[in-house]
Each structure stands twice: as C-alpha cells, then as structure tokens.
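Undergrad: structure of the sequence below:
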Amino acid sequence: MTMINHCVRRDFLKQAGLGALGAAVFPRLGKSAAAPVPGSEKNSAQPNIVFIYADDLGYGDVSCYGATKISTPHVDRLASQGLRFLNAHATSATCTPSRYALMTGEYPWRKEGTHILPGDASLIIQPGRTTLPAVLKRAGYTTGAIGKWHLGLGAGNLDWNGEIKPGPLEIGFDYCFLIPATGDRVPCVFVENHRVAGLDPRDPLQVSYDHPIGQEPTGEQHPELLKMHPSHGHDQTIVNGISRIGYMSGGKAAWWHDEDIAATLTQRAIRFIEQSQTPSGAASIAPFFLYLATHDIHVPRVPHQRFAGRSGLGPRGDAILQFDWTVGEILQTLERLQLAERTLVILSSDNGPVVDDGYKDQAVEKLNGHKPAGPLRGGKYSAFDAGTRVPFILRWPGRIPPGTTPALVSQVDLVASLAALTGQTLAADAAPDSFNMLPALLGEKPVGREYLVEHANTLGLIQGSWKYIKPHAGPPVSKFTHVETGMALQPQLYDLAADLGEKHNVAAQHPELVKELAAKLEAVCASPRSRP
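TA: Predicted coordinates for the structure are as follows:
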C-alpha cells in the first residue's frame with residue numbers, strides 16, 4: 001500500500017483551501033496569532049474544547065482500533081496520548097439524528113422530523129432550548145461550528161440569497177462556516193454565519209427538492225457529463241461532474257469544488273483557533289469550543305489529488321487518509337500555539353461505516369480485506385452494533401490518563417458532562433437523556449452508563465453485556481447499501497461479552513431477560529426523559 005507524506009500543511013491549504021470560490025470569499029476571521037498571549041494560560045480556568053466529528057467513520061476504519069490495511073498516524077497519536085473508548089456510541093445509525101442528540105442531549109426518536117433531512121429543511125432545534133454550544137457559551141466560551149451541519153436552516157421557505165436564519169448562531173454558536181446538509185445534497189455551497197459564502201447577487205441561487213429548476217443538466221439525463229456515476233439515486237443536478245440529490249440553479253460563483261472541501265474546512269478551523277487567541281480589548285482570553293464536523297468519509301468521496309490513489313483502498317480509503325490529515329493539522333495548530341496542554345480534544349464519528357452509499361466509486365471492489373466495522377456486525381443504517389459503536393477518543397494532557405476504557409458512554413451524554421466540567425447544573429427540563437459521564441470521560445472510573453438506547457430503523461437497548469433489539473418488520477439486508485439492517489420479526493438478544501459480532505441470537509435461551517430488557521426499553525420510550 002502506498003502511503004502519502006502527511007507533512008503537507010500550508011502549501012495544501014493555500015493551493016486547495018480556497019478552491020474555485022476565490023480568496024475574496026474567505027476574509028480573515030481576525031489577526032492570526034503565532035503564539036499565545038503571555039499569561040493567557042492562567043487566565044483560562046476551563047480547557048479549550050475541540051470536537052472533531054467524522055462522517056461515516058467506522059469502528060475498524062482507523063489503525064488504533066485495529067485497521068491493518070490503512071494507517072492513520074495522526075488519529076493514532078491522539079489515541080496514544082489520550083483515552084480510547086471501546087464501547088462508545090453515537091445515538092443513531094445515521095447522521096441527522098446523531099447530530100441532533102449531540103447538540104440537544106435528547107434521544108432523536110423522541111422528536112418528529114429528526115430523520116435524514118433534505119438540504120432545504122428548516123432548523124430542527126428550537127432556538128432558546130439548552131444545547132451543547134449554549135451550555136459552553138454560558139460558561140464563557142467562544143463557540144464555533146465548522147463543517148457539515150445537516151440539522152436544517154431557516155424556518156421554512158428559505159431564501160438562499162438573503163439572511164439564512166435561524167441556524168447555528170441562534171442555538172449557541174458565535175460563528176459558523178457550514179456545509180448546509182451533505183456533500184451529495186444540494187445546495188452545494190458554504191454558508192458563513194447568515195449568508196451563502198461568495199454568492200454573486202447578480203446570479204441568485206435557487207434550490208428545490210420538488211421539481212427541476214433552471215437549465216442545469218442532471219445525472220439522469222446527461223450521464224456523459226459525469227466523472228462519478230451514481231449506483232442508486234443521486235441523479236439530479238450535476239455539480240463538479242457529480243450528480244446530487246435535489247435541484248439547484250444559479251449562484252455558480254459560490255459552488256464548492258469537492259476536492260477542496262477538506263482543506264477549506266481545515267483552514268477555517270485553524271483560523272478560528274488562531275483568532276480565539278487574539279483578544280480585542282479584552283483583559284483575558286476566553287476558552288473556545290470548536291465543533292469541526294468534517295465531510296470525510298461521506299459520499300461523494302472525492303479526495304484532493306494529494307490523497308487520491310494513496311491508500312490502495314479506493315476513494316473511501318483515500319478519504320480516510322484525508323480525514324487523518326485534518327486531525328494532524330488541528331493537533332499541529334494546538335501545539336504551534338502552545339495550546340495542547342490546556343485543550344480537551346474529542347474525536348468521534350456520527351455513525352458507523354457504509355461502503356456503497358450511492359456512487360460507483362470502487363469502494364467495494366477495492367476493500368482489499370479492510371473491515372470498516374472491525375469485529376462488529378452491520379454498519380450505517382443498521383441496528384447491529386456497528387451502526388452506533390464508533391471511535392471515541394479524548395485527550396487532555398495532564399488531566400486524562402492515556403489508555404483504553406470499557407466504559408459504556410453515548411454522545412448524548414456530552415451536554416450534561418461538559419456542563420459538569422464547566423461547573424453548571426442543568427435545568428430539570430434540559431437535555432432529557434444526557435447523563436453526566438464526566439468521571440468516565442476523564443478516565444477516573446472505568447464504568448459508564450448502566451444502559452443506553454441505540455436507534456436505527458428499530459430500537460435496541462444495551463445493558464451491561466446484553467444487547468436487545470426490538471422486533472421490527474423489514475428487509476434483513478438493504479437492497480441499496482447491502483448492509484445488514486438488524487431488523488427481524490422476532491426479538492433478538494446478544495451477549496456482547498462472548499459474541500461481540502452479534503452472530504448468535506440467544507433470545508430463546510433467555511426469555512425472562514428478553515422480557516426485562518423489552519420492558520426497560522418501553523419504559524424509557526414512554527417517559528419524556530431518562531436523565532436522573
């Protein structure tokens with residue numbers, strides 16, 4: 001396998017970060033800092049927090065979790081210096097619901113409309129409610145969201161040529177630079193705060209998920225124009241030689257170039273960190289919270305030419321290398337600014353892996369023995385554990401001891417846990433499913449949750465080493481992604497301690513345990529909250 005030299009930093013950012021949008025689209029966010037302001041260490045009582053959120057990164061996709069066909073040295077370094085969780089979960093096996101739970105501390109299946117959203121959906125988080133960024137902002141943090149959003153924008157009938165609100169700034173972020181939904185959905189533009197970045201007002205942007213608009217060719221009608229062909233769906237408006245979900249017309253000066261997305265987001269994240277170290281008339285520097293939601297490893301997988309072909313596993317493997325590069329750039333920035341010792345870095349993924357997710361990119365043909373889910377069964381969209389059990393690493397030098405932990409934790413717990421970290425008590429009606437897992441997250445205790453609920457097309461419950469999956473009608477294997485769904489008409493019970501790969505359904509041997517776990521799951525669903 002040919003590996004890329006990862007020592008590509010500012011040259012890559014300069015070459016690829018601006019892409020087709022042009023430098024004028026990206027004004028400086030503030031004066032860059034080559035070093036922290038003297039004495040700032042003692043002025044910051046709380047740690048900075050950087051949360052790097054991968055997209056579709058599987059439990060077995062990084063080498064510190066057992067991958068042997070690909071090497072992820074920067075993720076591995078973070079793991080060697082921090083705490084690597086063996087039993088940490090996103091709440092859901094798909095992106096929008098996982099991100100909703102992360103932001104709100106609420107299981108997404110409690111709220112209508114938290115399914116995978118179209119690119120023109122309204123904001124699904126009510127402004128004014130308790131959110132992760134709002135909690136940290138109350139503690140004095142400067143908050144920024146950079147990367148994939150996919151939680152909706154606006155309040156209906158959004159005009160992409162005017163102010164785009166409500167959005168991240170209305171739920172606790174001070175700054176945002178976003179992919180509105182996903183790379184395979186229109187609009188294929190970045191949104192900075194309340195505006196489309198780089199939009200020419202003389203060429204208004206139109207977006208529709210109902211009917212074709214404008215004269216832009218579609219993948220269905222003009223496959224000869226495609227540089228990547230869909231395997232299912234994804235055959236509407238063509239942007240950058242790739243057909244997407246939905247229709248878009250106009251606003252061409254703002255259209256992104258897929259190969260440059262990773263560098264663009266990384267550049268923005270670095271600038272946010274740098275700016276956060278440059279106070280403007282303030283007596284001290286506030287700590288910062290950066291939510292960096294990368295687009296890698298989501299489709300369409302079109303890594304920059306510096307990574308294309310380097311993994312030996314096709315574009316999906318190349319995208320993993322690109323994600324690892326981003327991690328390295330963030331870690332290097334923290335070290336350059338002498339912030340590593342007082343920054344909590346969290347790395348995870350929004351759900352498990354999927355190989356064929358709508359494009360013919362040779363991800364299946366070039367797996368070469370790589371196992372994206374590692375020893376787990378299922379993947380993205382699946383009720384089996386690979387749907388939600390994901391890489392989860394925390395590093396805070398001098399505070400979190402390096403190592404591994406078996407503690408059962410969920411991303412829904414970050415709201416309550418970071419509230420506790422910053423000395424706050426949540427209101428009784430806030431973050432209804434978020435448990436304070438701070439002792440487990442800091443490596444003080446090897447024990448986490450007593451139980452958690454997993455969410456896919458059906459619900460599952462993990463309690464101790466036992467995993468129960470609620471009966472649900474549906475195909476056992478998706479005809480599109482070929483992932484095992486975990487759906488069955490009969491209850492399923494697995495002993496994860498003895499059968500991590502969920503190969504042996506032992507429900508028939510333990511009817512009383514099935515009854516107990518089913519009742520527990522129903523009780524959680526019937527109650528409006530599970531937080532103590």
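Undergrad: please report phi then psi for Ile330.
TA: phi -70, psi -40 (degrees, to the nearest 10).
Undergrad: for it, grab the count of nearby residues.
TA: Here the number of neighbours of Ile330 (other CB atoms under 10 Å) works out to 23. C-beta: built from backbone N, CA, C; applies to glycine.
Undergrad: thought His506 was touching Asp495?
TA: His isn't right for residue 506; it's Val. Yes: here Val506 lies in contact with Asp495, judged by CB atoms under 8 Å, at a distance of 6.2 Å.
Undergrad: would you confirm that Thr264 belongs to a helix?
TA: Yes: using DSSP: H, G, I helix; E, B strand; the rest coil, the assignment for Thr264 is a helix.
Undergrad: wait, it sits on Ala197?
TA: No: in this structure, Thr264 is not within contact of Ala197 by CB under 8 Å, at 9.6 Å.
Undergrad: those two - which one has more neighbours?
TA: Shown here are Thr264 and Ala197; by other CB under 10 Å, Thr264 has more neighbours (26 against 21).
Undergrad: for Gly501, see how far away His472 is.
TA: Going from His472 to Gly501 by CB to CB, to the nearest Å gives 21 Å.
Undergrad: oh, that last question was meant for Arg395, not what I typed.
TA: According to CB to CB, Arg395 stands 29 Å off from Gly501.
Undergrad: who's more crowded, these two?
TA: The neighbour comparison of Arg395 against Gly501 (other CB under 10 Å) goes to Arg395, with 24 against 16.
Undergrad: going along the chain, name the strands of the stretch 301-450 of the chain.
TA: For the stretch 301-450 of the chain, the strands defined by DSSP state E, counting those that start in this stretch cover 343-349, 392-395, 403-410.
Undergrad: what packs against the second one?
TA: Right, strand 392-395. helix 73-81, strand 83-89, strand 343-349 (3 or more CB pairs under 8 Å, 6 or more residues apart in numbering; DSSP states H and E).
Undergrad: repeat that for the longest one.
TA: Taking 3+ CB pairs under 8 Å, 6+ apart as the contact definition, the neighbouring helices and strands of strand 403-410 are strand 83-89, helix 438-441, strand 451-455.
Undergrad: got the buried residues for the first one?
TA: Just to be clear, that refers to strand 83-89. By neighbour count on 16 or more other CB atoms under 10 Å, the buried set for strand 83-89 is 83-85, 87-89.
Undergrad: circling back: with distance to Thr333 and mean pLDDT added, can I get the strands of the stretch 301-450 of the chain in CSV?
TA: Below are those laid out as CSV (distance: least, CB to CB, whole Å; pLDDT from 0 to 100):
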stretch, distance to Thr333, mean pLDDT
strand 343-349, 10, 98
strand 392-395, 14, 98
strand 403-410, 25, 98
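Undergrad: want to throw these into a markdown table with distance to Gly183?
TA: Formatted as a markdown table, the strands of the stretch 301-450 of the chain follow (distance: least, CB to CB, whole Å):
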| stretch | distance to Gly183 |
| --- | --- |
| strand 343-349 | 16 |
| strand 392-395 | 24 |
| strand 403-410 | 26 |
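Undergrad: so which of the ones you listed comes closest to Gly464?
TA: strand 403-410 (8.5 Å; CB to CB).
Undergrad: ok, and what's touching stretch 414-427?
TA: Under the contact criterion CB atoms under 8 Å, 6 or more residues apart in numbering, stretch 414-427 has outside partners 46-47, 49, 51, 102-105, 130-132, 135-136, 138-139, 141, 346, 430-431, 434-438, 441, 531.
Undergrad: how about that stretch as CSV, C-alpha atoms only?
TA: Extracted C-alpha coordinates of stretch 414-427, given in CSV (Å, rounded to 0.1, in the frame of the first residue of the first chain):
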residue,chain,number,x,y,z
LEU,A,414,-21.7,15.3,26.2
VAL,A,415,-24.2,18.1,27.1
ALA,A,416,-24.5,17.0,30.8
SER,A,417,-20.9,16.0,31.1
LEU,A,418,-19.5,19.3,29.7
ALA,A,419,-21.9,21.2,31.8
ALA,A,420,-20.5,19.4,34.8
LEU,A,421,-16.9,20.1,33.6
THR,A,422,-17.7,23.8,33.5
GLY,A,423,-19.4,23.9,36.9
GLN,A,424,-23.0,24.2,35.6
THR,A,425,-26.2,22.5,36.7
LEU,A,426,-28.7,21.7,34.0
ALA,A,427,-32.3,22.7,34.4
